[in-house]
Every structure is written in structure tokens, then in C-alpha cells.
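A.B. asks: quick one: sequence plus predicted model below, questions after.
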Amino acid sequence: VQLQASGGGLVQAGDSLRLSCAASGRTLSNYDMGWFRQAPGKDREFVSAIRGSDNSALYTDSVKGRFTISRDNAKNTVALQMNNLKPEDTAVYYCAARFLPGTNFNYWGQGTQVTVSS
């Protein structure tokens with residue numbers, strides 16, 4: 001499975017961005033798909049995930065109400081709509097996939113930079 005993340009950029013606080021992750025090599029409709037981020041000097045952290053079983057979504061508390069994850073199984077893509085961005089959202093964002101729920105995400109994309117200026 002190859003994952004390609006895109007859509008990052010430099011925006012101002014309060015702006016929106018839409019990240020996209022395109023998958024190839026396998027149909028991911030039954031996979032859990034996730035977004036993680038890593039800010040400079042910090043560990044990578046979980047942002048959001050969407051389950052393959054029922055498309056239910058999970059979010060870390062800091063992005064609830066601002067970010068929305070979605071998937072398009074026909075296009076084999078997953079998106080992260082990010083609204084009302086804050087400077088603390090600045091990070092490299094990675095998409096990831098896993099086939100077995102409850103296990104580590106084992107397929108990773110290359111990351112896309114999101115920079116939010118105040």
C-alpha cells in the first residue's frame with residue numbers, strides 16, 4: 001500500500017485547509033485510515049481516524065469541532081477538512097492506514113507541511 005498526502009500549505013489563523021491522502025496498491029475501503037501530525041521538537045501525535053468497519057470517526061480533543069475526516073472509497077482517498085486553523089496546528093501531517101483495528105498503523109504516507117501563522 002502506498003499513501004500520498006497532499007494539500008498542506010501556509011495559511012493564517014482562522015483559515016481552512018483540506019488535506020487529501022490518495023492510496024494505491026490496494027483498495028482501502030476496509031482499512032482504518034488515520035491522520036497524525038508532528039510539530040517541530042515534538043512527538044508524532046494522533047489527530048483523527050475513520051474506521052473501515054463503519055466509517056465512524058475519532059478525533060483528538062484539540063481538533064474536535066474544527067476538523068472533519070472523510071473517505072471516498074470509490075476514489076480510494078481520505079480527506080481531512082481543517083477549519084479555524086490555529087498556530088498550534090502547525091506540523092507535518094501524515095496519513096496512515098491499518099487493516100486490523102486496534103493494531104498499530106503500519107502504512108504511512110510521506111507527510112505534508114501545514115503552517116498556520118498568527
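C.D. replies: Happy to help now that I have it.
A.B. asks: switch to C-alpha atoms for all contacts and neighbour counts from now on
C.D. replies: OK.
A.B. asks: please identify the helix or strand for the residue most central in space within the chain.
C.D. replies: Central residue of the chain (C-alpha atoms, centre = their mean): residue 35, 2.6 Å from the mean position. In the assignment (DSSP states H and E), residue 35 maps to strand 32-38.
A.B. asks: mind listing the residues bridging to the residue nearest to the centre of the chain?
C.D. replies: Using DSSP bridges, the bridge partners assigned to residue 35 are residue 48, residue 95.
A.B. asks: residue 88 versus that one, what's the distance?
C.D. replies: To residue 88, residue 35 is 16 Å away according to C-alpha to C-alpha, to the nearest Å.
A.B. asks: same check, this time on residue 18
C.D. replies: 17 Å.
A.B. asks: compare the two and say which is more crowded by neighbours.
C.D. replies: Shown here are residue 18 and residue 88; by other C-alpha atoms under 10 Å, residue 18 has more neighbours (16 against 13).
A.B. asks: for the more buried one, give me its contacts.
C.D. replies: 7, 8, 79, 80, 81, 82 (C-alpha atoms under 8 Å, 6 or more residues apart in numbering).
A.B. asks: repeat that for 7 Å
C.D. replies: 7, 79, 80, 81, 82 (C-alpha atoms under 7 Å, 6 or more residues apart in numbering).
A.B. asks: quick check: the gap between it and residue 82.
C.D. replies: Residue 18 is 6 Å from residue 82, by C-alpha to C-alpha.
A.B. asks: how about residue 35?
C.D. replies: Distance from residue 35 to residue 82, by C-alpha to C-alpha: 12 Å.
A.B. asks: can you give me the strands for the chain?
C.D. replies: Applying DSSP state E to the chain gives strands spanning 2-6, 9-12, 17-24, 32-38, 45-50, 57-59, 67-72, 77-82, 91-98, 107-108, 112-117.
A.B. asks: list the buried residues in stretch 59-66.
C.D. replies: 59, 63 (16 or more other C-alpha atoms under 10 Å).
A.B. asks: for stretch 30-43, that is, sorry about that
C.D. replies: 31, 32, 33, 34, 35, 36, 37, 38, 39.
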